[in-house]
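Q: I'd like to go over a predicted model; first the sequence, then the structure.
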Amino acid sequence: MHSIWESRQFHRTPDLVVVGAGIVGLFTALFHKRSHPNHHVVVVERGPFPSGASVKNAGFACFGSPSELLADLEKEGLDAMLARVENRWKGLLELRAELGDAAIGFEPSGGHEIYAAHDPLYTRVAERFDELNTALRPIFGRTVFVPDDEAIASFGLAGVHHLVRTELEGPVDSGALMAALLRKVLAEGVLFRPRTPVLSIEEQPHEVVLHLQDGERLRASNIAICTNGYTRQLLPDLPVEPARGQVLKTSPIPGLRLRGTFHYDEGFYYFRDHGGGVLLGGGRNLDIAGETTWDDATTPHIQQALEDLLRNVILPGQPFGIVQRWSGIMGMGASKTPIVERRSERVVVAVRLGGMGVAIGIRVARQAAGLIG
Ligand SMILES: Cc1cc2nc3c(=O)[nH]c(=O)nc-3n(C[C@H](O)[C@H](O)[C@H](O)COP(=O)(O)OP(=O)(O)OC[C@H]3O[C@@H](n4cnc5c(N)ncnc54)[C@H](O)[C@@H]3O)c2cc1C
């Protein structure tokens, strides 16, 4: 039994229900509401707050390391590589303009790729370095990557023989980013319904029915599914593999010299400074099958590999403690291109953001909002 007030405000049939309150879901709701101010837009989220990769990630505002871009160039050709970089770069600029650098904790402290001795990755990068910078210049209007081996010692790194740096990347505070985004979404009139797992979706001729817990049904005119790595729990036929990423954070390190974001070993490891300590993630390549999971857990094997990297490369000779460990679930597939499509007249999906959601989330959402009927 609802009162007329409840019926009008909270229980009227939404024009749009967005499933998933990650960066994509929240921006999709925001953009739809802006273009349809009279629409009733609801974001349903299974966690008590946003709970997916957007609040578990490493907070790199990055557009691709030299080795990744060259690998993409070789695999997909120059135009495809450039289009992807441009999309990521524009996404970062749009995100920073929409929420503000202070609100998202963006620090322009630079992005780095580091290479061990005799690293074949570096041989490839060195060979095509100028070619890469020349190709990127029209997008950025400047030289993007510079070799900076002298910085290796100043960051206190060991076993690293080469370093390439870009001034155009840096870390963000992913928690602050998502809190700012959620505040904005609520302020612009979107309803947020946490602790609401969607169990299944049923399309009917004139509406979509979302089946919730305890037999509850939520009817909507349109839905947008923004569940990223969890998508196959709702749409089993979509090619989105869950891909777990494990992370740890050290206690503050006295005199820490590390600044900025760092990629190592083809990006399988990534680390940055945070709060005077080091945040480090990666190691999925050690157990790809085991890390293809929805299980939000850490494993001793991968955590040990992360600690070894701290001890041998990032903080050589420095004592450290680990204050926190966690994992998050990405959505991946054979292609790095996200799936943003209209499944039917009333259902849009915007998923499979890979490891680049900070950069591309806002543009994926804009595209998704444009597809909603
Ligand atoms: C460890 C780690 C490190 C990363 N580091 C970076 C980085 O440094 N830079 C970068 O750009 N990207 C990084 N990423 C990737 C980035 O975080 C993601 O690409 C991005 O957050 C995806 O956003 P999303 O909104 O699509 O998904 P998510 O943030 O995962 O949001 C999906 C939401 O849907 C909810 N949900 C799922 N199923 C249901 C359901 N049935 N009912 C209701 N709600 C549901 C989930 O609870 C979740 O809140 C990292 C990811 C991980 C895991």
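A: That came through, no problem.

Q: Those residues of the stretch 101-250 of the chain touching the ligand, which are they?
A: Pro197, Val198, Cys226, Thr227, Asn228, Gly229, Tyr230, Gln233, Leu234, Gly245, Val247 (CB under 6 Å from any ligand atom). (C-beta placed from N, C-alpha, C; glycine too.)

Q: Which of those residues fall within strands?
A: Among those, the ones falling in strands (DSSP state E) are Gly245, Val247.

Q: which of the residues of the stretch 101-250 of the chain next to the ligand count as buried?
A: Buried by 16 or more other CB atoms under 10 Å: Val198, Cys226, Thr227, Asn228, Gly229, Tyr230, Leu234, Gly245, Val247, out of these.

Q: what's near enough to touch the fourth one?
A: Spelled out, it's Asn228. Contacts for Asn228 (CB atoms under 8 Å, 6 or more residues apart in numbering) come out as 20, 22, 24, 52-53, 240, 329-331, 351-353, 357.

Q: try it again with 7 Å
A: By CB atoms under 7 Å, 6 or more residues apart in numbering, the contact list for Asn228 reads Gly20, Gly22, Val24, Gly52, Ala53, Gly331, Val351, Arg352, Leu353.

Q: and it, how far is that from Lys90?
A: 21 Å (CB to CB, to the nearest Å).

Q: Pull up the pairing partners for the one helix or strand Tyr270 maps to, direction included.
A: Here Tyr270, judged by DSSP states H and E, is contained in strand 269-274. Next to strand 269-274 in the sheet, as set by DSSP bridges, lie strand 261-264 (antiparallel), strand 277-282 (antiparallel).

Q: nearest to His206, of the ones you listed?
A: Within the strands paired with strand 269-274, the stretch nearest His206 is strand 277-282; the backing value is 45.3 Å (CB to CB).

Q: Please work out which residues outside the closest one touch it.
A: So strand 277-282 is contacted by 58, 245-253, 256, 258, 268-272, 306, 309-310, 314-315 (CB under 7 Å, 6+ apart).

Q: The helix or strand following that strand: which residues count as buried?
A: Sequence-wise, the next helix or strand downstream of strand 277-282 (DSSP H and E) is helix 300-309. For helix 300-309, the neighbour count (16+ other CB under 10 Å) marks Ile302, Gln303, Ala305, Leu306, Leu309 as buried.

Q: Mind listing residues that contact helix 300-309?
A: Gln246, Leu248, Tyr269, Leu280, Gly282, Gly283, Leu286, Asp287, Arg325.

Q: right, and the helix or strand after that helix?
A: strand 322-332.

Q: Tell me if that following strand is near the ligand.
A: Yes - residues of strand 322-332 contacting the ligand under CB under 6 Å from any ligand atom: Gly328, Ile329, Met330.

Q: In the sheet, which residues pair with the first one? Tell me.
A: With beta bridges defined as DSSP bridges, Gly328 has these partners: Gly245.

Q: List the contacts of the residue in the stretch 251-373 of the chain that the ligand sits nearest to.
A: Closest to the ligand within the stretch 251-373 of the chain is Gly357: 2.2 Å, counting by CB to the nearest ligand atom. Applying CB under 7 Å, 6+ apart, we find Gly357 in contact with Ile23, Ala53, Ser54.

Q: By proximity to the ligand, which residue of the stretch 51-200 of the chain wins?
A: The nearest approach of the stretch 51-200 of the chain to the ligand comes at Gly52, 2.2 Å away (CB to the nearest ligand atom).

Q: Phi first, then psi, for the residue nearest to Leu73 when sequence neighbours are not counted.
A: Setting aside the residues directly before and after it, Leu73 is nearest to Met81 in space (CB to CB, 6 or more residues apart in numbering), at 4.5 Å. Main-chain dihedrals, Met81, degrees, to the nearest 10: phi -60, psi -50.

Q: My read is that Met81 contacts Leu70, right?
A: No - using CB atoms under 7 Å, Met81 is not in contact with Leu70, being 8.4 Å away.

Q: Return the member of the contacts of Asn228 nearest to His211.
A: For those, the nearest to His211 is Gly20 (15.8 Å; CB to CB).

Q: Low-confidence bits of the stretch 1-150 of the chain, can you list those?
A: For the stretch 1-150 of the chain, applying pLDDT under 70 flags no range at all.
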